[in-house]
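Peer 1: Here is my input, please return the structure:
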Amino acid sequence: MRIPRIFVATSVIGMAALCHASIALASEWGDEATALEPSAPLVIENQQDVQIAYKRIQNPNGDCVVVNAGANVVVENSYIGPCKGKAVSVSNSRNVTVRHNYIKLASSGLYAYQSSGIRFHNNKVRDVLGPRPRGQMVQFNNVTGAGNAIYLNVALNNPGASQPEDVVSLYLSHGTAASPISVRENYIRGGGPSTSGGGIMLGDNGGSFLTADKNILVDPGQYGMAVAGGTDMKITNNRIFARQQGFTNVGIYAWNQKAASCDRIEVRANTVGFTNRNGANSAYWNGGNCGAIALTGNNFNAGYEIPAIPQGWGPNWAQPGDF
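Peer 2: Alright, predicted model coming up:
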């Protein structure tokens with residue numbers, strides 16, 4: 001299928017067309033049905049100052065939204081999925097914001113490659129389908145510089161209906177000392193049965209200046225949070241819970257698997273109640289090759305909890321129910 005390309009210097013895709021060809025998703029939203037314009041897959045290529053809004057985007061053959069060599073692009077207030085490929089794919093671009101969307105049944109929510117200024121916030125991502133190497137709510141691959149952030153999102157993966165890997169993956173990505181890549185205040189529930197995937201992965205194959213702060217993870221998979229390499233990483237103020245399942249392993253770990261270096265790692269003030277596949281408490285593991293870990297203020301003996309999704313996390317408009 002030929003995917004339309006948007007060749008507009010400054011465009012708002014969505015609002016003007018709501019008066020015609022709109023669809024009311026009453027079957028899923030009930031009394032709070034939201035009118036969205038049906039859309040074929042979209043490609044933004046070599047364009048800047050583009051907004052995609054109030055769309056219902058599906059693609060049975062590939063990615064739903066593609067941004068390549070773009071700048072100042074916003075994807076917002078839309079229902080994206082099902083998608084055979086990724087919901088949003090970004091490459092060689094700068095200042096791309098994906099916010100307040102409902103994403104369901106895509107191989108991944110957002111995949112960003114060799115880009116900067118990427119912000120993914122207040123989205124709800126349900127039942128990512130993978131398979132590996134996909135299966136993320138968000139993956140940054142060689143994302144660099146200041147202003148990159150993943151925050152206030154909700155990721156829900158139902159057992160049997162999804163195939164998640166690392167729900168958040170920061171691969172070979174580098175923030176700055178003044179502006180680390182921030183993964184904060186995200187709610188993640190559901191992972192597995194992958195024996196390698198989990199919640200939030202920092203420093204996959206290296207990276208620097210990455211932080212995970214104030215996230216809530218419930219049954220996120222084989223692990224909760226991890227540092228797999230790189231320098232200047234922080235895992236702080238998170239709440240991580242997992243019941244015993246056939247694939248559960250450890251709540252937090254630091255273990256250099258591939259990177260040239262692994263050092264200056266902080267694990268502070270986290271609350272972890274994580275039961276491994278053998279029924280034992282398994283909150284934290286240090287692989288011994290990431291230098292001296294700054295390990296303070298953690299509660300590694302917490303019980304299992306299923307916290308509610310905090311108010312203000314996820315999109316600011318009504319979406320279908322959760323579990």
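Peer 1: how far out from the middle of the chain is stretch 97-116?
Peer 2: 7 Å (Cα atoms, centre = their mean, to the nearest Å).
Peer 1: By neighbour count, which bits of that stretch are buried? Give me those.
Peer 2: 97-113, 115-116 (16 or more other Cβ atoms under 10 Å). No exception for glycine: its C-beta is placed from N, CA and C like everyone else's.
Peer 1: Repeat that for stretch 204-215.
Peer 2: Within stretch 204-215, judged by 16+ other Cβ under 10 Å, the buried ones are Asp204, Asn205, Gly206, Gly207, Ser208, Phe209, Leu210, Thr211, Ala212, Asp213, Asn215.
Peer 1: so the nearest residue to Val138 once chain neighbours are set aside bridges to which residues?
Peer 2: Leaving aside its chain neighbours, Val138 sits nearest to Leu110 (4.7 Å; criterion: Cβ to Cβ, 6 or more residues apart in numbering). When bridges are called by DSSP bridges, Leu110 pairs up with Val88, Val138.
Peer 1: returning to what we had before: can you tell me which of the buried residues of stretch 204-215 is closest to Thr176?
Peer 2: Checking the buried residues of stretch 204-215 against Thr176 with Cβ to Cβ, the nearest one is Phe209 at 5.8 Å.
Peer 1: can you confirm that closest one is in a helix?
Peer 2: No: read with DSSP: H, G, I helix; E, B strand; the rest coil, Phe209 is strand and lies in no helix.
Peer 1: Contacts only, for it.
Peer 2: Shown in contact with Phe209 (Cβ atoms under 8 Å, 6 or more residues apart in numbering): His174, Gly175, Thr176, Ala177, Ser179, Pro180, Ile181, Thr231, Asp232.
Peer 1: Asn148 now?
Peer 2: Counting by Cβ under 8 Å, 6+ apart, Asn148 has contacts Ser116, Gly117, Ile118, Arg119, Phe140, Ser173, Gly175, Ser179, Ile181, Ser182.
Peer 1: Could you measure from it over to Val96?
Peer 2: According to Cβ to Cβ, to the nearest Å, Asn148 and Val96 sit 10 Å apart.
Peer 1: Likewise for Leu36?
Peer 2: Leu36 is 21 Å from Val96, by Cβ to Cβ.
Peer 1: more neighbours, the two?
Peer 2: Val96 (25 against 21; other Cβ atoms under 10 Å).
Peer 1: Which helix or which strand is home to the residue lying closest to Gly85 once chain neighbours are set aside?
Peer 2: Nearest residue to Gly85, sequence neighbours excluded (Cβ to Cβ, 6+ apart): Asp63, at 3.9 Å. For Asp63, there is no enclosing helix or strand under DSSP states H and E.
Peer 1: hang on, Asp63 packs against Lys86?
Peer 2: Yes: counting by Cβ atoms under 8 Å, Lys86 is a contact partner of Asp63 at 4.8 Å.
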